[in-house]
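Engineer: Sequence and computational prediction follow.
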2 protein chains.
Amino acid sequence: MTTGKRRAPAGAAVLRDDITTAIRRALMQELAAVGYGRLSIEAVARRAGVSKTAIYRRWNSKLDLVLEVVAAAATGKLPALDTGTLRGDLELLFQAVAHALRHPLASQIIPDLLAEAARNPSIDQTLQKVLRVRQQEIGGRLIGRAVQRGELPPGTDPEAAVDLIVGPLYWRLAIARTPLTDAYLGTLVEAVATGLGAGGGVPRPRDAVA
Amino acid sequence: MTTGKRRAPAGAAVLRDDITTAIRRALMQELAAVGYGRLSIEAVARRAGVSKTAIYRRWNSKLDLVLEVVAAAATGKLPALDTGTLRGDLELLFQAVAHALRHPLASQIIPDLLAEAARNPSIDQTLQKVLRVRQQEIGGRLIGRAVQRGELPPGTDPEAAVDLIVGPLYWRLAIARTPLTDAYLGTLVEAVATGLGAGGGVPRPRDAVA
DNA sequence: ACACGTCGGGACGCAACCGTACCGTCGTTG
DNA sequence: CAACGACGGTACGGTTGCGTCCCGACGTGT
């Protein structure tokens, strides 16, 4: 690509990091632009200003590329998240989730891949690791501390609590794409905190309706 | 397609309804199977047992087909939904939403199209009509009645309430694809009801953070 | 009885993409 | 300073899809 005058300077006998990161960046942008369904290696190569060959030297296939890059991008740092009160923890967590979902790329890529996960086991598995398991870990610790403090009843189910926390934020930011207000966040904290305590704890799943 | 012996009996000088509905059904199934991104008219025709020509006689293009069929499928009936109490209304509403999201086709198609809506204005517009506007209507009436009864403070924002209702259910059923329990539904009703009333009402959006 | 127009089937030209295989170039590593 | 191997570029054969067009067959409405 880039039909220049003669030839652009090439690399050497080692995989160049700048080219690797250019591919990663281009993949994320392309994924946001057209989604996984329409994703093409050629478009990624074009966008990265890189030859297709350079991509196939690093990854075996489209799926390989997506899984590795997305997993790497999602596996980031996260705060300590221990303020001493349930409401404080919730507020921090909400801010973190909201911050992540406000990234334009993330808010396009995540719903797309989550939809794709429903029909692609490899993607499903990867997302389970980098999204849901992390959420459950964080949520579990958060709920556990609140129970120890006596802020929540002992039977509280962390899994359900996470749904209650992530669900509205995800719906509003990623699906409805409605602007988020501080007031809304505050109310959400209040609703989740009181809601979790209200029912005498969220019982564990038993009689499945589905 | 269907390279038979000679020729199957054909129709007459009028669009046959059975073929039209076969196309509609095939489109929904194909949409669930591969998503909008990979959707192909040829696959729809194959699945419907119909020639491509038959599809193009009815719709101009892929997008036309999808928009019309999806809108028609989503524009269904909905219950009266007025039990006399906030918790009763919420429970009915949750059951209805949960029922809709348990349809295998719906739970595949809806997240896919919602993700696609982020980059396709036509799809976005259609979904806004058949999903979000309906939700806001229903939620608005529900909240309005609760406010009149004094169950909720007057300032309660119906839009935020809908997010609070739909979000967790959508996340659990369409994204996490976790089985839904009666107990979970009950707790959700409790959490939303108390949560909405807790903060002295959900204020309207003002200082957007995004 | 007859024209109308849909039916399946097939082919069309065009475009895009997959994954692989070659080049000749050229920087890095030892 | 020499060998290694990644680099861009290009081409390959095969597949898939788009949207259009033509055909002969045939059932329906007038």
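Structural biologist: Looks like it arrived, so ask away. Numbers count the residues shown, from 1 in each chain, chains lettered A, B, ... in the order given.

Engineer: Can you get me a residue count around the closest residue to residue A:36 other than its chain neighbours?
Structural biologist: The shortest distance from residue A:36 to any residue other than its chain neighbours is 4.7 Å, reached at residue A:116 (Cβ to Cβ, 6 or more residues apart in numbering or on different chains). Placement of C-beta: from N, CA and C, glycine included. Residues contacting residue A:116 under the criterion other Cβ atoms under 10 Å in any protein chain shown number 25.

Engineer: For residue A:61, grab phi and psi.
Structural biologist: Main-chain torsions, residue A:61, degrees, to the nearest 10: phi -160, psi 180.

Engineer: Surely residue A:19 touches residue A:53?
Structural biologist: No: contact between residue A:19 and residue A:53 fails when scored by Cβ atoms under 8 Å: they sit 10.9 Å apart.

Engineer: Comparing these two, which residue is more hemmed in?
Structural biologist: Set residue A:19 next to residue A:53 and count neighbours by other Cβ under 10 Å: residue A:19 wins out with 18 against 9.

Engineer: In chain A, where's the longest helix?
Structural biologist: Ranked by residue count under DSSP state H, the longest helix found in chain A is helix A:17-38.

Engineer: buried residues in that helix?
Structural biologist: A:19-20, A:22-32, A:34-38 (16 or more other Cβ atoms under 10 Å in any protein chain shown).

Engineer: right, is it up against DNA strand D?
Structural biologist: Yes: under the criterion of Cβ under 7 Å from any atom of the strand, helix A:17-38 makes contact with DNA strand D via A:19, A:20.

Engineer: helix or strand right after that helix?
Structural biologist: Later in the chain than helix A:17-38, the nearest helix or strand by DSSP states H and E is helix A:41-48.

Engineer: Using CSV, write out every CA atom in that next one.
Structural biologist: C-alpha atoms of helix A:41-48 as CSV (Å, rounded to 0.1, in the frame of the first residue of the first chain):
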residue,chain,number,x,y,z
ILE,A,41,-7.7,-8.0,7.6
GLU,A,42,-7.1,-6.0,4.5
ALA,A,43,-8.9,-3.0,6.0
VAL,A,44,-6.8,-3.3,9.1
ALA,A,45,-3.6,-3.4,7.1
ARG,A,46,-4.7,-0.4,5.1
ARG,A,47,-5.6,1.6,8.2
ALA,A,48,-2.3,0.7,9.9
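
Engineer: Any part of it near DNA strand C?
Structural biologist: Yes: against DNA strand C, helix A:41-48 shows contacts by Cβ under 7 Å from any atom of the strand at A:41, A:42, A:43.

Engineer: since we're on the closest residue in space to the second one that isn't next to it in sequence, how many residues are nearby?
Structural biologist: Pointing back at residue A:42 there. Nearest residue to residue A:42, sequence neighbours excluded (Cβ to Cβ, 6+ apart): residue A:52, at 6.2 Å. As a burial measure, residue A:52 scores 14 neighbours (other Cβ under 10 Å).

Engineer: tell me the contacts of residue A:104?
Structural biologist: By Cβ atoms under 8 Å, 6 or more residues apart in numbering or on different chains, residue A:104 lies in contact with residue A:32.

Engineer: swap in residue A:116?
Structural biologist: Applying Cβ under 8 Å, 6+ apart, the residues near residue A:116 are A:35, A:36, A:37, A:123, B:35, B:112.

Engineer: Can you lay out those as CSV showing pLDDT?
Structural biologist: Listed next are those as CSV, based on pLDDT from 0 to 100:
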residue, pLDDT
A:35, 96
A:36, 96
A:37, 95
A:123, 95
B:35, 96
B:112, 96
